[in-house]
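>>> I need the structure of the sequence given here:
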Amino acid sequence: MVQPHVNQVTLIGRLAGEPSWKALPGGGEVVTWRMIIDRPVAGAGRRVVDTIPCASFDERVGGFADTWRAGDLIEVRGVLRRRFWTGPGGVRASRIEVHVHDADVLDVVPAGDDLPEL
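Okay, the predicted model is just below:
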């Protein structure tokens, strides 16, 4: 039996920096951010992380993202996509990112506190 293709992503990690908004040439906006995800501790105890780019075209998610601060622990759910665009000088570019359709804040960095070690 052939299994259907599945593209579902759930990430839990720290926000690397403040989300940023960008106007798109066709109208609309996209909010982007990076998440820092800890990998399991390696044998020598060395900390290794993955930094995952995320984006959302959903206004509701964008409203949530406006309240996030660097270091907040967030959970996102979405799909993995490769996005293409034309950069300066007409150069075509692309990136793989998680297109987020839902998000929750699990823990926040208290106002006035230093950013936790990411």
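
>>> what residues does the longest strand belonging to the chain touch?
Longest strand of the chain, by residue count under DSSP state E: strand 92-107. Applying Cβ atoms under 8 Å, 6 or more residues apart in numbering, the external contacts of strand 92-107 come out as 9, 11-12, 32, 52-58, 61, 64-65, 67-68, 72-87. In short, each C-beta sits where N, CA and C put it, glycine included.

>>> Hmm, Leu73 and Arg14 touching each other?
Yes. If you go by Cβ atoms under 8 Å, Arg14 and Leu73 touch, sitting 5.8 Å apart.

>>> More neighbours: which of the two?
The neighbour count for Arg14 versus Leu73, taken as other Cβ atoms under 10 Å, is higher for Arg14 (21 against 16).

>>> helices and strands around the helix or strand hosting the more buried one, which ones?
For Arg14, the element it lies in under DSSP states H and E is strand 9-15. Taking 3 or more Cβ pairs under 8 Å, 6 or more residues apart in numbering; DSSP states H and E as contact, the helices and strands that strand 9-15 lies on are strand 27-38, strand 49-56, strand 73-86, strand 92-107.

>>> Show me which positions of it end up buried.
Val9, Leu11, Gly13, Arg14, Leu15 (16 or more other Cβ atoms under 10 Å).

>>> Please name the nearest non-neighbouring residue to the residue nearest the centre of the chain.
Geometric centre of the chain, nearest residue: Cys54, 2.7 Å, by Cα atoms, centre = their mean. Nearest in space to Cys54, with sequence neighbours left out and distances taken as Cβ to Cβ, 6 or more residues apart in numbering, is Val98 at 4.6 Å.

>>> how close does that neighbour get to Val61?
11 Å (Cβ to Cβ, to the nearest Å).

>>> With Arg95 instead?
Separation of Arg95 from Val61 (Cβ to Cβ): 18 Å.

>>> Where does pLDDT dip in this protein?
Counting by pLDDT under 70, the chain shows low-confidence ranges at 42, 112-118.

>>> hmm, try it at 90
Scanning the chain for pLDDT under 90 picks out the ranges 1-3, 24-28, 39-48, 62-64, 66, 83-88, 109-118.
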